[in-house]
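A.B. asks: The sequence and its predicted three-dimensional model are supplied below.
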Amino acid sequence: MSENPYTIVIPARYASSRFPGKALHPLNGQPMILHTVTRARESQAAEIIVATDDQRIVQVCEQAGVDVQMTDMSHPSGTDRIAEVARVRHWEPNRLVVGLQGDEPATDASHLDMLANNLSLMSEADMATLCMVIGQFDDYTNPHRVKVVRDHRDMALYFSRASIPARRDAQPQGGQSAAEYPLSYLHIGLYAYRCQYLLDYHALEACKLETEEQLEQLRVLYHGGKIHVGEVVASTARGVDHPDDVPVLEALLAQRFAVP
């Protein structure tokens, strides 16, 4: 067990505009949500809960012996869904909670432990997340790959889909090697929360930056919250956003993890 006991909550809704029912879609013969639960079970978390809005997901989880909480269908984000679990279960304010999206079945369990530990050590932080150095120019320029900049204490200054930081004197055609663009960091979308801040976040008004970038973590920064950003060397995490992602994830799971 970890020196800093924590809880993992896995938000998993059924509806998805690009991939309806993806939480139950089979990957190598097993529903995706159960692969994600397996990643969580490989961690040192003291408790693992799936938070869903659909009885079909409830049934699959209960049959597999997974603790599952039915939540409201109207939540706009996974963070809001996790906050409902904290509220319904009356968790103490200082409890550490790590959110693991249900469509991230290839997440490294050690990164979940790292998140909880980082947050426990940074008493001034409300949340914690992770990043890694960008090593490919395409990732630096890709708007689907979120970038983050940090201060000297590894606290987030800003998250963006834009290429940040930007080098003022960049070549007109842009660089193609790591030496030709600034040292920059790719955001890894995992979060740890202090339970009280989960409840506070739910009450915060969405801000224009969040709406423009479609990044919910900007609401935290806008309202003065502190997010610690730890650095990892690499990450196997990859989300399932579309049916075309399925073969890629199946190959990754077979290569990286023991699968049925």
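C.D. replies: Yep, that arrived. Numbering: from 1, shown residues only.

A.B. asks: and V66, what does it touch?
C.D. replies: For V66, the set of contacting residues under the criterion of C-beta atoms under 8 Å, 6 or more residues apart in numbering consists of L34, V37, I48, V50. For glycine as for every other residue, the C-beta is placed from the backbone atoms N, C-alpha and C.

A.B. asks: tell me, how many neighbours does the third one end up with?
C.D. replies: One way to gauge burial is a neighbour count; for I48, by other C-beta atoms under 10 Å, it gives 20.

A.B. asks: Please look at it and I10 and confirm they touch.
C.D. replies: Yes. Shown here, I48 and I10 form a contact pair, counting by C-beta atoms under 8 Å, at 7.2 Å.

A.B. asks: Return every residue with contacts to both of the two.
C.D. replies: Any residue near both I48 and I10 by C-beta under 8 Å, 6+ apart counts here, and that gives V37, A40.

A.B. asks: picking up where we left off before, out of the contacts of V66, which sit inside strands?
C.D. replies: Among the contacts of V66, the residues falling in strands (DSSP state E) are I48, V50.

A.B. asks: Now for the contacts of V66: which two are most distant?
C.D. replies: Between any two of the contacts of V66, the greatest separation by C-beta to C-beta is 11.7 Å, found for L34 and I48.

A.B. asks: how near is L198 to R87?
C.D. replies: When distances are taken as C-beta to C-beta, to the nearest Å, L198 and R87 turn out to be 8 Å apart.

A.B. asks: Looking only at neighbour counts, state which of those two leads.
C.D. replies: Each of L198 and R87 has its neighbours counted (other C-beta under 10 Å); L198 has more, 26 against 14.

A.B. asks: Any buried residues in the strand or helix carrying that one, and which?
C.D. replies: When elements are assigned from DSSP states H and E, L198 belongs to helix 195-203. Of the residues in helix 195-203, those buried under the neighbour-count criterion (16 or more other C-beta atoms under 10 Å) are C195, Y197, L198, L199, D200, Y201, H202.

A.B. asks: What of stretch 140-153?
C.D. replies: Using 16+ other C-beta under 10 Å as the burial criterion, the residues of stretch 140-153 that qualify are Y140, V146, K147, V148, V149, R150.

A.B. asks: Give me the contacts around that stretch.
C.D. replies: Applying C-beta under 8 Å, 6+ apart, the external contacts of stretch 140-153 come out as 129, 131, 134, 139, 156-165, 174, 181, 184-187, 189, 215, 229.
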